[in-house]
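In: Quick one, what's the 3D model for this:
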Amino acid sequence: MHDQARLSGHGRFVLAALVVLRAAGVGPSASGSPSSISGELDSAGLRELLAAQKGRVVLVNFWATWCVPCREEFPDLVRLQRDLAPRGLRVLGISTDFTGQTAAVESFLTSTKPNFDNYRKKSGDDQAFIETVDRVWGGELPFSVLYGRDGRKVRVFSGRHPYEQYRAEIVKLLSEGNRQTGDARSPRS
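Out: Numbering: from 1, shown residues only. From the prediction side, this is the model:
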């Protein structure tokens, strides 16, 4: 006779709630540790990751450990995920650091304890990756792209932006659907 673990009604409810929260992007990263890189992405991997997010509003942030504005902006991204994930937001981070800087990336993630998955851009065809992100992206960091629930690109943010600006744009999408379009590129010097 085999012993079977059975969950009480309360236990099943808690387990179901945890599954729903994880699916909404709430909780630890898929790798189980906020100090870990969730994986590497090339242009095809980025397209697949975005396709898997349909039904959610997604903010993808491109950053690097050597980029001071990126490091300054990162706590706002953590706050956005914490505050708006229950309403349907999913923040994703993509480090553009080189493979040799993986220890610095993991150290940064350990110190900031993000509540969202972070990936590293895979070495390779930079132009194909840039065109997947945004054809006119010049590689400046930080760089964020906001996607609507239907998976379409809605807004681009070039340079560091305050929490309030991100939040206002995201709340519009969460509340009104995907009708908002635009571009918030910082002037290039």
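In: which SS state does residue 59 fall under?
Out: When classified by DSSP: H, G, I helix; E, B strand; the rest coil, residue 59 comes out as strand.
In: do you know how far it is from residue 172?
Out: 13 Å (Cβ to Cβ, to the nearest Å). Placement of C-beta: from N, CA and C, glycine included.
In: ok, now residue 103?
Out: 39 Å.
In: swap in residue 115?
Out: Separation of residue 115 from residue 172 (Cβ to Cβ) stands at 22 Å.
In: for residue 72, same thing?
Out: 24 Å.
In: residue boundaries of the helices in the protein?
Out: Here the chain has its helices, by DSSP state H, at 9-23, 43-51, 68-84, 102-112, 126-133, 163-176.
In: Output the below-cut-off pLDDT ranges for the chain.
Out: Scanning the chain for pLDDT under 70 picks out the ranges 1-35, 177-189.
In: May I see the buried residues of stretch 57-73?
Out: Buried residues in stretch 57-73, counting neighbours by 16 or more other Cβ atoms under 10 Å, are found at 57-65, 67, 70-71, 73.
In: cool, stretch 97-106 as well?
Out: Buried, per 16+ other Cβ under 10 Å, within stretch 97-106: 97, 101, 105-106.
In: And stretch 135-148, by the same measure?
Out: In stretch 135-148, counting by 16+ other Cβ under 10 Å, buried: 137, 141-148.
In: Between the two ends of that stretch, how far is it?
Out: 18 Å (Cα to Cα, to the nearest Å).
In: try stretch 79-92
Out: 13 Å.
In: just how off-centre is it within its chain?
Out: Offset of stretch 79-92 from its chain centre (Cα atoms, centre = their mean, to the nearest Å): 9 Å.
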